[in-house]
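Trainee: Sequence first, predicted model second:
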Amino acid sequence: MTYKIMDIINTRRLGLIEKEDGASTVWRLPVEMLHQIFIHCLPNTDHLKVSPNMAPILLTRICRRWREIAMDMPGLWCRLFVKVRSDHEDWEQAALWYGLWLQRSQGLPLSLSIYSLPSEAAKLQNLLQPYTTQISSLLLLSENAAIAAEFPFEDLPGLQDLTLSWRDNYRNVTNFARSISRLPCALRNLKLKRITVNPFESLSTCSVWTNLTSVEIMIYQAHESLDLLNLCPNLSSLNIGLGVEVVQPLKACMHTNLQYLSIWSSTWVRYPPGDLFNALTLPSLRILEAYYVGWPHEDFKAFLARSTHPSESLIFGAGMTVTDEEQAEYRALIPSLEVKWRNYLV
């Protein structure tokens, strides 16, 4: 729908020039209606790219009135994808566009997706420096984890959502722990994508965990998932990947606030989830998803039985083997339970 609207705007752009007699129907549209049209013209993506052929920049090229209205709508300019370029001339031009875009946000909270190499950290900091207090959501992409060590997280007091993603597994845990320790206390949602934290103990002294309500993480040892839950008393959502089988006994752990749990493995983990569920009590759990893991049927039934708040959904994904008889027993235990199947990992 968005692209269809943009095609129409592109086709008629030259015809929608401001007329002195005000005869143009588009010219007479109320500002409030244009606001709604402009919002629906935005691409259906989390972060917008700077492009003269896409909204919101395209909207500023239609006519003078549209330009004035679009430039005075800070909500159009609050989401941005930034790619820090190594070429000096290319970056100067790009930085000019990024700066104009961010200025038009007029102080509203910003959601940014940034791709940068560690060598370009100075360019990135110079660009963001005037807007550090506005950044509430940040997706930081790079070839490796060194970018996180250089990023000034401590200068983002309003940061609530942070996603870190890079291509190689992070081995320099000391530097990574230093980065995590600099995260602001306002942070509530933390996603570490394609990152295996080993050992998790190196991050356990960071105070940021206390206030988190949502975490996505890949850890190496199953017992460290219990350590994570103990560190995050306010956690309501956990998406966790397990690395290897249990190598030490698991201590009992109760978490009273967790409502959503997604558990998965990059390889087939034959029995850790069974031991994990024996140790876990999650009285508020509503939704459980599982991918590429396995557990003893009776152990899992016992886990469900310990939930004082009946779970609503049990979602089995790729790599799972659960018989119809076992599903029936789960439903018998919790009559309101909805069992679903999903073939992909979210």
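Mentor: Alright, I've got the coordinates. Residues are numbered from 1 along each chain as shown.
Trainee: For the rest of this, base every contact and every neighbour count on C-alpha atoms.
Mentor: OK.
Trainee: Provide the secondary structure category for E89.
Mentor: Of the three states, E89 takes helix under DSSP: H, G, I helix; E, B strand; the rest coil.
Trainee: Now do the residue nearest to P283 when sequence neighbours are not counted: how many residues are near it, please.
Mentor: Leaving aside its chain neighbours, P283 sits nearest to S307 (4.2 Å; criterion: C-alpha to C-alpha, 6 or more residues apart in numbering). Around S307 there are 18 other residues, counting by other C-alpha atoms under 10 Å.
Trainee: go on, F200?
Mentor: The number of residues packed near F200 is 19, by other C-alpha under 10 Å.
Trainee: Relative to C206, how far out is it?
Mentor: Counting by C-alpha to C-alpha, to the nearest Å, the gap from F200 to C206 is 11 Å.
Trainee: contacting residues for the residue nearest to P283?
Mentor: By C-alpha atoms under 8 Å, 6 or more residues apart in numbering, S307 lies in contact with 281-285.
Trainee: and if we set it to 7 Å?
Mentor: 281-284 (C-alpha atoms under 7 Å, 6 or more residues apart in numbering).
Trainee: Likewise for P52?
Mentor: Here P52 is in contact with L58 (C-alpha under 7 Å, 6+ apart).
Trainee: and E32, which of the three is it?
Mentor: Three-state assignment for E32 (three-state DSSP): helix.
Trainee: pLDDT score assigned to it?
Mentor: Note on E32: pLDDT of 92.
Trainee: Was I right to think A279 contacts P249?
Mentor: No. Using C-alpha atoms under 7 Å, A279 makes no contact with P249, being 9.4 Å away.
Trainee: okay, those two: which has more neighbours?
Mentor: In this view A279 and P249 are compared by other C-alpha under 10 Å, and A279 has more residues nearby, 18 against 11.
Trainee: For the more buried one, give its distance to L337.
Mentor: For A279, the distance to L337 - C-alpha to C-alpha - is 22 Å.
Trainee: try R79
Mentor: Separation of R79 from L337 (C-alpha to C-alpha): 38 Å.
Trainee: Can you report phi and psi for the most centrally placed residue in the chain?
Mentor: Residue closest to the mean C-alpha point of the chain, counted by C-alpha atoms, centre = their mean, is T163 at 5.3 Å. Note on T163: backbone dihedrals following degrees, to the nearest 10 are phi -120, psi 130.
Trainee: who's in contact with it?
Mentor: Neighbour list for T163: 138-140, 190-192 [criterion: C-alpha under 7 Å, 6+ apart].
Trainee: and it, bridged to which residues?
Mentor: Counting by DSSP bridges, T163 is bridged to L139, K191.
Trainee: Now do stretch 79-92: everything it contacts.
Mentor: Contact partners of stretch 79-92, identified using C-alpha under 7 Å, 6+ apart, comprise 47-49, 110-116, 120, 124.
Trainee: from the middle of its chain, how far away would the strand or helix carrying G99 be?
Mentor: For G99, the host element (DSSP states H and E) is helix 88-103. Put simply, helix 88-103 sits 25 Å off its chain's centre (C-alpha atoms, centre = their mean, to the nearest Å).
Trainee: Isn't H309 up against S284?
Mentor: Yes. Using C-alpha under 7 Å, H309 is in contact with S284, at 5.3 Å.
Trainee: The two: which is more packed in?
Mentor: S284 (18 against 15).
Trainee: shouldn't the more buried one be in contact with L258?
Mentor: Yes. Using C-alpha under 7 Å, S284 makes contact with L258 at a distance of 6.0 Å.
Trainee: Dig out what S262 forms beta bridges with.
Mentor: Applying DSSP bridges to S262 yields these beta-bridge partners: N239, E289.
Trainee: Domain-wise, how is the chain divided?
Mentor: 1-76, 78-180, 213-346 (automatic domain parsing).
Trainee: so how far is the second one from its chain's centroid?
Mentor: Mean C-alpha position of domain 78-180 versus that of the full chain (C-alpha atoms, centre = their mean) differs by 15 Å.
Trainee: same check, this time on the longest one
Mentor: The chain centroid and the centroid of domain 213-346 are separated by 21 Å under C-alpha atoms, centre = their mean.
Trainee: I'd like the average pLDDT over that domain.
Mentor: Across domain 213-346, the average pLDDT comes to 83.
Trainee: I'd like the numbering to begin with 16 instead of 1 from here.
Mentor: Okay, using 16 as the starting number, the last item reads as domain 228-361.
Trainee: Throw together a ChimeraX command that grabs the buried residues out of the contacts of S322.
Mentor: Applying 16 or more other C-alpha atoms under 10 Å to the contacts of S322, the buried members can be selected in ChimeraX as follows:
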select :296,297,298,299
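Trainee: now, which of the contacts of S322 lie within helices?
Mentor: With helices taken from DSSP state H, there is no overlap with those.
Trainee: Relative to S134, how far out is L154?
Mentor: Taking C-alpha to C-alpha, one finds L154 at 18 Å from S134.
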